[in-house]
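**Student:** could you work out the structure for the sequence below:
(chains A, B and C)
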Amino acid sequence: MKWDVVIGLEIHVQLATKSKIFSGSATQFGAAPNTQVDEVDMALPGTLPVINRGAIEMATKFGLAIGAEIGRESVFERKNYFYADLPKGYQTTQLDKPIVGAGVVTVTLEDGSERHIRIHHAHLEEDAGKSIHTEIPGKTAIDLNRAGTPLIEIVTEPDISSAEEAVAFLRKIHSLITYIGISDGDMSQGSMRCDANVSVKPAGQEELGTRAEIKNINSFRFVEKAIKVETQRQIELIEDGGTVVQETRLYDSEKNETRSMRSKEVANDYRYFPCPDLLPIHIDDSFIEALRESLPELPDDKAKRFVSDYQIPIYDAQLIASDRLLSEYYEIVVEGCKSAKLAANWVMGELSAALNRDSITIEESRISAAQLAQLIQRINDGTLSSKIAKQVFESCWNDQLAPDEIIERDGLKQNSDSGALELMIDEVIANSGAQLANYAKAAADKRPKMLGYFVGQIMKASKGQANPKMVNELLIAKLNAVIEE
Amino acid sequence: MSITNESVQHVAELAMLSLDQPAIDRATDKLNQVLWMIDKLQAVDTENVEPLAHPLDATQVLRADEVTKTNNREALLSNAPEAQDGQFVVPRVVE
Amino acid sequence: MTLHTQSVTQLSQLLSQGSVSSTELTEHFLQRIESLDSQINSFITVNREGALEQAKLADTQRASGSAGPLTGVPIAHKDIFCTNGLRTTCASRMLENFIPPYESTVTTNIAAAGMVNLGKTNMDEFAMGSSNETSFFGASRNPWNTDHIPGGSSGGSAAAVAAALAPIATGTDTGGSIRQPAAHTGLTGIKPTYGSVSRWGMIAFASSLDQAGPMAKSAEDAALLLETMVSHDAKDSTSVAHPNGAFSSSLNSAVTGVRIGVPESFFSADLDAEVGDAIQQAISQLQKLGAVIVPVSLEMNQHALSAYYVIAPSEASANLSRFDGVRFGHRCGDPKDLKDLYSRSRTEGFGAEVQTRILVGTYALSTGYYDAYYRKAQKLRRLIKEDFEQAFKQVDMILAPTTPSTACKIGDKFGDPAKMYLEDIYTLAVNLAGLPAMSLPCGIANGLPIGMQLIGKAFGEAGILQMGHQYQQHSDWHTQRAPLALQEVSA
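**Tutor:** Next up is the predicted model:
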């Protein structure tokens, strides 16, 4: 039987404000427990929230980036439930009047096809603190440093139909939020967290199946794996005659399975109502226009520009444009070497591989954009062969020197002196009687394939510095001359 | 509307109050008295009336995004019933 | 000279003349508290050491010429205002040992004016009550007759001022909690326009209704303290800049031609005859002063009780969720798990009335009832506000009774919502509409004071204070003293 998979995502993004959404406490990651907490975050009696303008601006920017309607009147509500790391006994969040209304995000899959994923809305809310279960035996310790960090929760329509699409969507969101600078998007630090609502239904059926919500998945890879394994679980369950229950599940990355969070299955009734400590926020045109003007060129627009200005393939353009810093790096390389295609190949090839290998970001790259441009220039002007250029790249990376310095230091300048080359070729031909005889006997169309041996010997003799193009030309001329004699 | 013992029990659980049976009975009684008084509001025609959450027509003032508070952990934890290593402590929560 | 029966204005003069020092004045009131308060239980915490230190500082300021009019004048604060380093209980077992590491804006402003904090006064637990009987620290008593309630929730502040244990006090008013106890103890108390006084550091009962205000011996004193209390506070999102905050400056202007609306529906069968008579006499007095009496209709007021007892408990149910035994406040012994910790801490920490209101509020917000109760009440709230707006097209202020009757005996209404909640039928609508209103004494029946209420337009405090002051210039109800106030204490 064929199955359709239906996925909706809820993505929590921590906003990169300096202070919390309702207090003046700092929001830095990794501080000692409860040192970034004040009486408001701790919900001491009589304390009151005041909204951080930065959070409103960042949420609005996100709305503009996805072309969504901005809520002109935005209202905070209280969502009531008790939890150890929820100090007030309610979360201040939005329900009926969120700051960001409906929008659309377009993602491109690896096969080049596009999907339009509708955003239902995005709302502002406060993060909870952290419960630590491992430190004190038999007890749970509460750290409220994270409590009150501003979040936007992005809620999609159930428009996603595979784990791969879900990841592509997440990457797109990640790209957008880092582009517009509203979050560092660091999933390992919880700056971006994902809940996935997953259901399956027989292929083509209108009616949706019962969904399970997988909570708090904290990496792109785990999102893909969690959705795949949950989809499989549901299909197998139904095929074995069972039924899916609506519940919250947790993804266990070690066992690669989802499991029910029964302990949290209390019949919740959140009793939302407008927070009486906060007034409605009114957002006017001038506020929106100022933010619109502050937005950088967004990844989709940039990719289009790369295709038209640099004539690079759309896939390459999108890949580079998806990362703001990488694309900025790329443009400096292009500017320096005037060779956009080669620059794209190097950025996506050697550079990306080196960054991945060392697990560092583009900001920490051990070769600067100007240096990479210089390297590409040396290929273009014939100083370096592509092969030697890769070697120079590695040396630049390891020794933190500019390409020209490496070329100079290691004497890697390509040998284009035809006199010296001719001497070398003559010597190789003289020492290769058997190969020469075979070459002479062969039909003209077989001969090019037989050149490899001679080229190899010449390169060896030149320690790899011979200009391959010149070697080829000179070698053929010399061989033909010898044979005709 | 009148409220049953079961509803009171449910509401008490939502509100994290642990009431024994006599307390539930007393609360049910009292709640019914209160509901009897407030149920008069059902008689008023409020169609097309917008709910009013705040007495004043004011707009939220926004705060500049600045860190104005520094670490004050010692003072803030001074009222904690149980604390250790700068953290609040509760019985083990199973997730 | 009996210092304790003097008004704040008079004490301010004595201090500036050097006839008395703040230290002497403070010591005088502290001794009265220590000798007499056992009869009325108006204080939860007496701030002897802190008060004497503040008095000493005030005397230095007086000497150096850097004093304001209130510098060195003692005051008592309702125990709902957080005071840095001084226990703040909200009259609840939940906060029996709570010492805030921060200060409310109200007490900050008052301290900045140089006033001396004598201590924290008794109240209904979390301000939920109209008799002061729900206090974990025991009921406070009425200094006019200690068998009777002083009213509530600001009952301790009312009793303390009425017994001359403090010259003036702060209170808070969510549905009448300043005005009703002021009426029951012969004081002048004003609840200002919502947003005028910052709620920062004032423990919340119902956030959209709560306002702090003065409880004083006269409109003149109330105006002076209110000027100090009002401030636009960046720490309270619902705080606004008062457009007309110089309350004292217009007190002496004549009230000729001022139009006072009298809502007929407030003078119905619910109102005791002696209260009604006293108010009629006050109306005649005001007419003699040149005020014009105009009948107005406030039909929506009959629904104020219903709307209030949905909205206030709903907001309270969420406001009181932070009292969970985790970070501060009462924690039960030996909790077996988190849920046990929550529910036992809360059940032990909250008294019966608080629990009832939490249950009502939780119910009104729960699935299936939200529209029928909470949303419906918010709609009524708009109708009530619009009702006032209509009336204020015809008049400058509205005059009404504060309470249906004089203070009842302790225990008479306690635990019976049907009776107790009616105490506030004339005061609740004002909070729902966010308007300023003042109660001032206008008679005495069977040895207990009667109060009347002046309700102003939004930010119209100056007008009602002026009317109150002019009335008090031509009447002496506000100078009548409870027997306890006249009792001397030997040093």
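
**Student:** switch to C-alpha atoms for all contacts and neighbour counts from now on
**Tutor:** Fine.

**Student:** contacting residues for residue 14?
**Tutor:** Here I'm looking at chain A. A:149-152, A:183, A:185, A:190-192 (C-alpha atoms under 8 Å, 6 or more residues apart in numbering or on different chains).

**Student:** you looked at the wrong chain, it should be chain B
**Tutor:** Applying C-alpha under 8 Å, 6+ apart, the residues contacting B:Leu14 are A:81, A:268-269, C:362.

**Student:** let's see which of the residues you listed end up in helices.
**Tutor:** Among the contacts of B:Leu14, the ones falling in helices (DSSP state H) are C:Thr362.

**Student:** from the contacts of B:Leu14, which shows the smallest pLDDT?
**Tutor:** Among the contacts of B:Leu14, A:Asn268 has the lowest pLDDT, at 80.

**Student:** ok, now which ones touch it?
**Tutor:** A:81, B:14.

**Student:** how about the lowest-mean-pLDDT helix or strand in chain C as CSV, C-alpha atoms only?
**Tutor:** The least trusted helix or strand in chain C, going by mean pLDDT, DSSP states H and E, turns out to be helix C:417-420, with a mean of 84. Taking Å, rounded to 0.1, in the frame of the first residue of the first chain, the C-alpha atoms of helix C:417-420 are listed here in CSV:
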residue,chain,number,x,y,z
PRO,C,417,-20.4,35.5,49.6
ALA,C,418,-24.1,36.3,49.0
LYS,C,419,-23.9,38.9,51.8
MET,C,420,-20.3,39.8,51.8
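
**Student:** so does the next helix or strand along the chain from it get close to chain B?
**Tutor:** Downstream of helix C:417-420, the next assigned helix or strand under DSSP states H and E is helix C:428-433. Yes: using C-alpha under 8 Å from any C-alpha of the partner chain, helix C:428-433 comes into contact with chain B via C:432-433.

**Student:** show me what helix C:428-433 is packed up against.
**Tutor:** Applying 3 or more C-alpha pairs under 8 Å, 6 or more residues apart in numbering or on different chains; DSSP states H and E, we find helix C:428-433 packed against helix C:304-319, helix C:376-391.

**Student:** show me what the last one is packed against.
**Tutor:** Taking 3+ C-alpha pairs under 8 Å, 6+ apart as contact, the helices and strands that helix C:376-391 lies on are helix C:304-319, helix C:428-433.

**Student:** where does pLDDT dip in chain A?
**Tutor:** A:262-267, A:414-416, A:485 (pLDDT under 70).

**Student:** in it, which residue sits closest to chain B?
**Tutor:** Residue nearest to chain B within chain A: A:Lys139 (3.9 Å; C-alpha to the nearest C-alpha).

**Student:** reformat the contacts of A:Gln14 as a markdown table; add secondary structure, neighbour count and distance to chain C.
**Tutor:** What follows is these, written out as a markdown table (DSSP: H, G, I helix; E, B strand; the rest coil; neighbours: other C-alpha atoms under 10 Å in any protein chain shown; distance: C-alpha to the nearest C-alpha, whole Å):
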| residue | secondary structure | neighbour count | distance to chain C |
| --- | --- | --- | --- |
| A:Thr149 | coil | 28 | 18 |
| A:Pro150 | strand | 30 | 18 |
| A:Leu151 | strand | 28 | 20 |
| A:Ile152 | strand | 28 | 21 |
| A:Ser183 | coil | 20 | 26 |
| A:Gly185 | coil | 23 | 30 |
| A:Gly190 | coil | 17 | 24 |
| A:Ser191 | coil | 18 | 26 |
| A:Met192 | strand | 27 | 28 |
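
**Student:** a markdown table for those residues, including distance to C:Asn117?
**Tutor:** As requested, the contacts of A:Gln14 are arranged in a markdown table below (distance: C-alpha to C-alpha, whole Å):
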| residue | distance to C:Asn117 |
| --- | --- |
| A:Thr149 | 37 |
| A:Pro150 | 39 |
| A:Leu151 | 42 |
| A:Ile152 | 45 |
| A:Ser183 | 47 |
| A:Gly185 | 51 |
| A:Gly190 | 47 |
| A:Ser191 | 47 |
| A:Met192 | 49 |
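
**Student:** which one of the residues you listed is nearest B:Asn71?
**Tutor:** A:Thr149 (16.0 Å; C-alpha to C-alpha).

**Student:** from A:Gly63, how far out is that closest one?
**Tutor:** 19 Å (C-alpha to C-alpha, to the nearest Å).

**Student:** equivalent analysis for C:Val430, please.
**Tutor:** 40 Å.

**Student:** quick check: closest non-adjacent residue to the most centrally placed residue in chain A.
**Tutor:** Nearest to the geometric centre of chain A sits A:Arg171, at 5.2 Å (C-alpha atoms, centre = their mean). Excluding the flanking residues, the one nearest A:Arg171 by C-alpha to C-alpha, 6 or more residues apart in numbering or on different chains is A:Phe220, at 7.8 Å.

**Student:** shouldn't that neighbour be in contact with A:Val167?
**Tutor:** Yes: counting by C-alpha atoms under 8 Å, A:Val167 is a contact partner of A:Phe220 at 6.1 Å.

**Student:** and the two? Which one has more around it.
**Tutor:** A:Val167 (21 against 18; other C-alpha atoms under 10 Å in any protein chain shown).

**Student:** my read: the more buried one touches A:Lys225, true?
**Tutor:** No: using C-alpha under 8 Å, A:Val167 makes no contact with A:Lys225, being 10.0 Å away.

**Student:** contact residues of chain B facing chain A?
**Tutor:** Counting by C-alpha under 8 Å from any C-alpha, chain B sits next to chain A at B:14, B:53-54, B:58-73, B:76, B:84, B:86-95.

**Student:** identify each buried residue in the helix of greatest length in chain A, please.
**Tutor:** Longest helix in chain A by number of residues (criterion: DSSP H): helix A:220-239. Residues A:220, A:222-231, A:234-235 are the ones in helix A:220-239 that count as buried (16 or more other C-alpha atoms under 10 Å in any protein chain shown).

**Student:** which helices and strands does it pack with?
**Tutor:** Using 3+ C-alpha pairs under 8 Å, 6+ apart, helix A:220-239 sits against helix A:163-179, strand A:192-202, strand A:212-217, strand A:257-260.

**Student:** what number of residues lie near the residue in the stretch 251-400 of chain C that chain A sits nearest to?
**Tutor:** In the stretch 251-400 of chain C, the residue that lies nearest chain A is C:Arg322 (4.4 Å; C-alpha to the nearest C-alpha). For C:Arg322, the tally of surrounding residues (other C-alpha under 10 Å) stands at 22.

**Student:** so it sits against A:Ala84, correct?
**Tutor:** No: look at C:Arg322 against A:Ala84 with C-alpha under 8 Å: they stay out of range, at 10.5 Å.

**Student:** on the pLDDT front, check C:Asn109 for me.
**Tutor:** For C:Asn109, the predicted pLDDT is 98.
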